[in-house]
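>>> The following block contains a protein sequence and its predicted model.
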Amino acid sequence: MRTQMKRLLSLLAGVVLCASAYSQVPNPVQMTRADGTPNIHKELSRKVGGKAFAQKTAALPAFAREEAYELTVTPKGYKVQANTETGYFYALQTLQQMETCGTAYDYPRFQYRGFMLDISRHFRDKDFILKQMKALSSLKINQLHLHLTDDAGWRIQVDSYPLLTSQAAWRVGKNWQEWCNLGRLYSQEGAPEAVGGYLTKADVREILAEARRLHINVIPEIEMPGHSREVVFAYPEVGCREGSYELCPGKEATFKLLESVLEEVMDLFPSPYIHIGGDEADKDHWKTCPDCQARMKAEELANVEELQSYLVRRIERFVNAHGRQLLGWDEILEGGLSPNATVMSWRGTQGGAEAISQGHDAVMTPGRFCYLDKVQDAPIYEPEGFGGYLSLDVAHSYEPLEGMPEGAGGHLLGVQGNLWHERIPTPEHTEYMMYPRAAAIAEVGWSQPSRKDGFRERVTRWNDALIADGYHAFDLHKEYGERPAFRNGIQHKAIGKKVTYNQLWNRSYPAAREATFTDGQGGGWSYGDGRWQGFLSDIDVVIDLETEQPVHFVGGTFLCEPGPGIFLPKSVEVWLSADGKDFRQVATIPNEIQKPSQSYVLFGAPVTGSARYVRFVAHPARGFQFLDEIVVN
Ligand code: ACM
Ligand code: ZN
């Protein structure tokens, strides 16, 4: 009787233990737990480069073998086995998150697990970067990509071109938005109105020393030929002419500057990858610039895309000659990819797939899953974001192999989260946007797909610990989540009923086509989520309820987001008919909101009557209208 009771109790304790006290992010390949209080402070044994572990990991890909480890934690202390110091370091990161005794056997799924910080749009200093590296390394992120240069400020000391920092690192306007509103003016180091800053070479050396300790590679990005307004401001001889802000690939002065900058950058950064940007260059000036035209003629380049490709190839030769690999945004595919380049795929996943089909390597950073400048919770309660809504769960749901060519394996290096900073004015806000979503990206990069379960509970513990450690992370306990209409759907009596369009939707935003307004599926926080149908014209549709019946309410919720040009209708009309021919107007709903802001506004009205056909009309005020469902009751 007593032993039975005991057994029952220990069984119960086991269940409780399994259900909680487990907080690894990213989740290891294998994890077992044992009784007792773990002693994570005493190292009992450390075997790095031992024969037994080399044998155990022999079948893994080379990068995984290098980063693999085995960790055992008991009440007496812990033991580590690894093939390299990197593997040993990762064992210690797992150790920090051990809440029970047990063992972990672990290695990464992908070799490249990155995070990008844009320190141009709003400068972030050395101490801030050091602080973030600590958190990122605890997630086993091993690549920190620094977006060091862009229109809004040059952020790294270059001795051969000192105006890049004495002028181009300083601007007028306390934040990016104000700088844009004031006409994008630059300033001068030490001037009273100057806002900005840059990393000195001493700062960079300190960052790199810490990065080495944390087994992080720091990738410098020097943007070219677009996003270079600040360079052309400081050294106008590298632009096409007055008033153009892309670098001029026709002028030798441009290559002299770029090579000189890259030379100093490569002297500082040991990174095997040098990122040269390459995105979003406005090539219009090149079409009329005499130097660009002369270059195109001399090099037999058919168009401006090939002229960009000429610049990238020439820079690649220079970078390769210094023993480094060129990395660039997926636009470097246009006009022909350089022979050895690695592509960072951001405009979806096609760029990565294309690069891999051409035999190149790719790093995946598709905007839909990896752009952390999007808001992470209900936009009506969040600071202003950019480009929509990206929840923790959606970031975590990313599967990098999806849409990749057969056998992409070795060429798909991994994943990266990107944090652009146009709308992130303070360091606290940067941390808020980074965490916990960086943990989702880290798990996508490290953990096997079968080990992604239970993420919410594990990451909540990790994030709570981070907040306790002084980081301004988003508090998951306060997450509101996706819009209720999206989560739960909408009930009403027109669900499944046929909708006839007097005018079709805008072809870019079809949502579920004819089914959209009566499928019971509400839109989410973001107009781009496939639930919202977009129109540049009137919305004018007729719903057939199949039988004549009493109708007492008709309405629809419109999304308003002034940034991308989405506004509420000027007015909405509701019409009823018994036969589908003679309609009688039963409601006009004017827009009474004076100042548009991000919102979700119901245009609905009680109506009186009986009908088989309901006509719903919305007249646009300006720009787009977006509607998810027409509710009839
Ligand atoms: C990018 O987001 N322009 C790479
Ligand atoms: Zn030019």
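Alright, I've got the coordinates. Ligands and ions are numbered 1, 2, ... in the order given.
>>> was I right about C101 contacting T74?
Yes: if you go by C-beta atoms under 8 Å, C101 and T74 touch, sitting 5.4 Å apart. In this view, the C-beta of every residue, glycine as well, is placed from N, C-alpha and C.
>>> Overlap of the contact sets of those two?
Shared contacts of C101 and T74, defined by C-beta atoms under 8 Å, 6 or more residues apart in numbering, are found at 34, 36, 38.
>>> Report the buried members of these.
By neighbour count, with 16 or more other C-beta atoms under 10 Å, those hold P38 as buried.
>>> who's in contact with the residue nearest the centre of the chain?
Nearest to the mean C-alpha position of the chain, by C-alpha atoms, centre = their mean, lies Y371 at 1.5 Å. When contacts are counted by C-beta under 8 Å, 6+ apart, Y371 touches 346, 365, 387, 390, 418, 420.
>>> tell me the contacts of the spatially closest residue to the fourth one that is not a sequence neighbour?
Okay, so that is L390. Of all residues not flanking L390 in the chain, K374 sits nearest, at 3.9 Å (C-beta to C-beta, 6 or more residues apart in numbering). Shown in contact with K374 (C-beta under 8 Å, 6+ apart): 385-390, 526.
>>> Just say helix, strand or coil for the closest residue to Y161 other than its chain neighbours.
Taking C-beta to C-beta, 6+ apart as the measure, Y161 lies nearest to L257, with 6.0 Å between them; neighbours along the chain are not counted. Three-state assignment for L257 (DSSP: H, G, I helix; E, B strand; the rest coil): helix.
>>> Surely L257 and V158 touch.
No: with contact defined as C-beta under 8 Å, L257 and V158 do not form a contacting pair (9.1 Å).
>>> is it true that S45 lies in a strand?
Yes: remark: S45 belongs to a strand, assigned using three-state DSSP.
>>> Using PDB, write down the CA coordinates of stretch 411-418.
This file holds the C-alpha atoms of stretch 411-418, laid out as PDB (Å, rounded to 0.1, in the frame of the first residue of the first chain):
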ATOM      1  CA  HIS A 411      23.800  26.000 -50.700                       C
ATOM      2  CA  LEU A 412      21.100  27.200 -48.300                       C
ATOM      3  CA  LEU A 413      23.400  28.600 -45.700                       C
ATOM      4  CA  GLY A 414      20.700  29.600 -43.200                       C
ATOM      5  CA  VAL A 415      18.500  32.400 -42.000                       C
ATOM      6  CA  GLN A 416      18.700  35.900 -40.700                       C
ATOM      7  CA  GLY A 417      16.400  38.300 -38.900                       C
ATOM      8  CA  ASN A 418      16.700  41.900 -40.100                       C
END
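>>> Offset the numbering so it begins at 52, please.
Will do, 52 is the new start, and the previous item becomes stretch 462-469.
>>> So is it next to ligand 1?
No: Stretch 462-469 lies apart from ligand 1 when judged by C-beta under 6 Å from any ligand atom; the minimum separation is 6.7 Å.
>>> any residues touching that stretch, and which ones?
161-167, 169, 194, 196, 393, 395, 397, 403, 406-407, 410-416, 421-424, 446, 449, 451-452, 455, 485, 488-489, 492, 495-496.
>>> Quick one: neighbours of the nearest residue to I431 once chain neighbours are set aside, just the number.
Distances taken as C-beta to C-beta, 6+ apart place Q649 nearest to I431, at 6.4 Å, with adjacent residues excluded. Q649 has 18 neighbouring residues, counting by other C-beta atoms under 10 Å.
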